Every structure is written in C-alpha cells, then in structure tokens.
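Trainee: What would the 3D arrangement of this be:
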Amino acid sequence: VTYSNAGDVTAELVDVGDGTSDADYAKKDVKGKFVLATGYGGAVHRLAVLKYGAAAVVCYLADERAAEHPDMLQYTGMWPKPDELERTTFGFNLTNRQGVRLKELVASGQKVVLHGKVEGPGLEHYVMSVVVAVIDGTTHPEQELLFSAHLDHPKESANDNASGSAAILDIARGLRKLIDDERLPAPQRTLRFLWVPEWNGTMAYLDGHEEVVGPTRWASESGEGSYVLANANLDMVGENTELLHSRLILTKSPLAVPGALDAVIGDMARMVDALDVRTPRGSRGTFNWRQTPFSGGSDHMMFLDRGIPSVMFSHDPDYTHHTSEDTPDKVDPVELERCELIAAGALWYLANVSERESLDLAWAVAADAYARFDAGASAIRARLAVLAPEARATQAADADLELSTLGAVLGNAFDDVQRYDTNAAD
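Mentor: Below you'll find the predicted structure:
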C-alpha cells in the first residue's frame, strides 16, 4: 500500500470484512495482528492499526471489477495525516483470487499466520522534482497559457497518467519544431508546460511560484509581473473508448473562476469531432465526449484555487483506473491525438488571439453563459418536479433565490460583453 512505513511482522491474520467501520471490529481481537479486508487500504489502516492496534493490513478487491478480473491488483494508499505519520505501519494489496483464498482459510477455522516485510526509507521529508518547459511569447510574454499533467503513479499506469504526460510532451515538442522550422510563428503569449507529482507536487510548486495566478487575482493584488490566462490539465487522455466503454470528459471551470477557456475548449472539441481523426493502429470508433460541470480529482483544482480558469481532460468510466489492468494495450493513439488537438488548439488560439478575435471570443463566452443558465435552471426545475406538492411549496422560495442568483452571476457576463463590444466599436 502506497505511503507505508518500513516494517517486519509475523502475526496471525484476522478477517474483518470491509474493515472501514467500527462494526467490522466488534468482538474481534486484532491487536498486534494482520487484518484482512476488502475496504480501501488507507481507510482500513486508520481503523485497524491506528484505532484498534493491528500490526498491518492486507486488502483485496471485491467489487464487480474483481468478479470479471480476479487477478487484477488495485492500487491504494495510506494517505496519513500529519499526526499519524509516526504511528503509520504498512499494508499490502492483493488480487481478489489471493484475498478470497486467505478468507476461505480463515473461515475454515485454521490459524493463518503471515510474514510481512517492507523495506525502504518510509515516510520522511523529501524533494519532489517538477519538470518545466517554456516557449516564450513575443508580444505579451507576461501572459501565460499553462499545460499540466501528473507524472506519478505506481505501475501499471498507462492511461493514468503516462498518457497525459506523453500528450503534453508531444504538444511541446511539436510546437517547438514547427516554430523552429518557421512553419508557425512564435506565440504572442508564453506557453508553459508542467509535469508534476500529483496534488502535493503541484501545491509545492505553486507555493514556490507566487506569480502563477489567474488574471482577476493578478489585477486585484499587484497588477505587475506575469500571470496565467488558462490551464489545460491532461489526466487520463488515451483510453480506448471502445475497449473500456468510456468517453472523454472535459470538466469546466466553476462559475467562481470565470474565463473564456470553457467556450474555446467546447469549440475545439466540436472541430475535432468533425475532423474524424484516424491514425495507424488506432481505433475506428466515433468520438464520444462530454463537457461537464466542475468536479475535482486532479491538479486543476490547485490552479483554480489561484484563480486560473482550468479544464480537466479525463475519461470515465474506466474499470482499469488505479489497477494493474491500466496497461498500454488500453491506450488508443486516435484518442490521444484527439485530446492533444483540443488542448493544443485551444491554448494556441488563446496565446495568439487578436484584438478583433477577442470580440468574437467575448460573445462566445456570453453564449456559454446563457447555456449554463439554461442547464442550471433545468436542473432546479427537475429537482422540484420530483418533490411531493407540500415539499415543493416549501422549497419554491429557495429555488427562486437559486435561480435569481444564477441569473445574476451569468447575467454579469452578458453585460460585460455588451460593454466590451460598445467600447471596441467606439
């Protein structure tokens, strides 16, 4: 289990079922023993070891995926809190086949004794490297467009996230070569590429680079130096959607971080859809994609916290996620190319948008705001429609307030565009 400490234990094995609730430990003596559980490694460890005194944990997958893939190994992590570091021990992830065999041995009444050993430095302060590449802008070098992808994950990790890391490397190398060969002009605004250790590495990088902020925050704080106009975060972008029954998810920025990125990403996705991209050894399926409201789960959250409009590229569902089945044979060259075209096209456009094009872009943002209001209003009406009449009456006022607030937020975008259009005409 990731984030284990070193240790060497020989002890009896106790089956605690899921292992993530106190009820799983009722009338069971786990102190100084291994526990066998089907829950997530870190959650099991927090109860079994830190609360009930177990020596270590052994976890195995027991969901629908395991029924179809009994030899699939799931990746889990301890994720200890600061006050838990010194008490954290270790754990192992097993396949369903291995876990069920141990469970059967314990259930038969036999005393099962395990020997577990973990070597290494364990949990300690360390340095995380962040790889950075830059293509300098010519006219507005202080304005940046940022590509990001996380480098790390225990093997196997073909789609999560070798795919995203490879994609932004391909974009960087491709653009650099086109510029060097004078087939493209150098961008007017700077392009920055970040390969990060997921979450913690991004937070560390941002702590050391206070200049990485969005335009609104930049204007309100100092108004000097560089700032970032938009971020494309590529996390799981190569899925073979036919093989995995998956689709590309383009996660929008929340309303609290406004910008033109969502509108441009949507336009680029529609353009790529119309291109009918094909590559050798790639799939022949139809492009399946969605733009969805904001959700977390990757490094785009940290950039959003800095006021940078950010879109996450990902795929869902994906049964191989965080498992040993996330292998190169699940990667589709066609899907990789589609995602690269959308990300590169969107940020290259923003890096070179002219004053005249910015007016068209402003109206695209207004259209996107209207679409968001329509979607939000429809969701509110749908939520009310399923309520009983008496409940609907009591919540009608809240719904009216929600609608008016949504309208005020998005209406401001339309008013800003109208003012911008008027000023441009003058």
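
Trainee: need the contact list for I308.
Mentor: I308 makes contact with L146, V212, V213, G214, V228, L229, A230, N231, V257, according to Cβ atoms under 8 Å, 6 or more residues apart in numbering. (C-beta placed from N, C-alpha, C; glycine too.)

Trainee: any idea how far it is from P389?
Mentor: I308 sits 45 Å away from P389, going by Cβ to Cβ, to the nearest Å.

Trainee: And for Y319?
Mentor: Distance of Y319 to P389, computed by Cβ to Cβ: 42 Å.

Trainee: what about these two, which has more around it?
Mentor: Y319 (17 against 6; other Cβ atoms under 10 Å).

Trainee: May I ask which helix or strand encompasses the nearest residue to the more buried one once chain neighbours are set aside?
Mentor: Nearest residue to Y319 in three dimensions, chain neighbours excluded: R65, at 5.0 Å (Cβ to Cβ, 6 or more residues apart in numbering). Here R65, judged by DSSP states H and E, is contained in helix 64-68.

Trainee: Give the next helix or strand downstream of that helix.
Mentor: Going down the chain from helix 64-68, the next helix or strand is strand 91-94, by DSSP H and E.

Trainee: Give the next helix or strand downstream of that next one.
Mentor: Once the chain leaves strand 91-94, the next helix or strand it forms, by DSSP H and E, is helix 96-107.

Trainee: center of this protein - which residue?
Mentor: Nearest to the mean C-alpha position of the chain, by Cα atoms, centre = their mean, lies S298 at 2.7 Å.

Trainee: Quickly note the distance from the closest residue to S163 other than its chain neighbours to S165.
Mentor: Leaving out its chain neighbours, the residue that sits closest to S163 by Cβ to Cβ, 6+ apart is G238, at 3.3 Å. Distance from G238 to S165, counting by Cβ to Cβ: 10 Å.

Trainee: ok, now E12?
Mentor: For E12, the distance to S165 - Cβ to Cβ - is 43 Å.

Trainee: So between those two, which is more surrounded?
Mentor: S165 (22 against 15).

Trainee: ok, now which ones touch that one?
Mentor: The contact partners of S165, by Cβ under 8 Å, 6+ apart, come to A149, H150, L151, W195.

Trainee: Same check on P280?
Mentor: When contacts are counted by Cβ under 8 Å, 6+ apart, P280 touches P333.

Trainee: Three-state assignment for it, please.
Mentor: In three-state terms, and counting by DSSP: H, G, I helix; E, B strand; the rest coil, P280 is coil.

Trainee: Next up, phi/psi of it, please.
Mentor: The phi and psi torsions at P280 (degrees, to the nearest 10) take the values phi -60, psi 140.

Trainee: What score does it have for pLDDT?
Mentor: Looking at P280, its pLDDT reads 86.

Trainee: Check the spacing between it and A107 real quick.
Mentor: Per Cβ to Cβ, P280 is found 52 Å from A107.

Trainee: burial of S295, as a residue count?
Mentor: 15.

Trainee: L145 is in contact with L191, isn't it?
Mentor: Yes: between L145 and L191 there is a contact under Cβ atoms under 8 Å: 5.4 Å.

Trainee: any residues in contact with both of the two?
Mentor: Counting by Cβ under 8 Å, 6+ apart, the common neighbours of L145 and L191 are L347, A351.

Trainee: And L234, how far from V196?
Mentor: Separation of L234 from V196 (Cβ to Cβ): 12 Å.

Trainee: More neighbours: which of these two?
Mentor: Neighbours were tallied for L234 and for V196 using other Cβ under 10 Å; the higher tally belongs to L234 (30 against 26).

Trainee: contacting residues around that one?
Mentor: Residues near L234 by Cβ under 8 Å, 6+ apart: F147, S148, A149, N161, S163, G164, A167, I168, F313, C339, A343.
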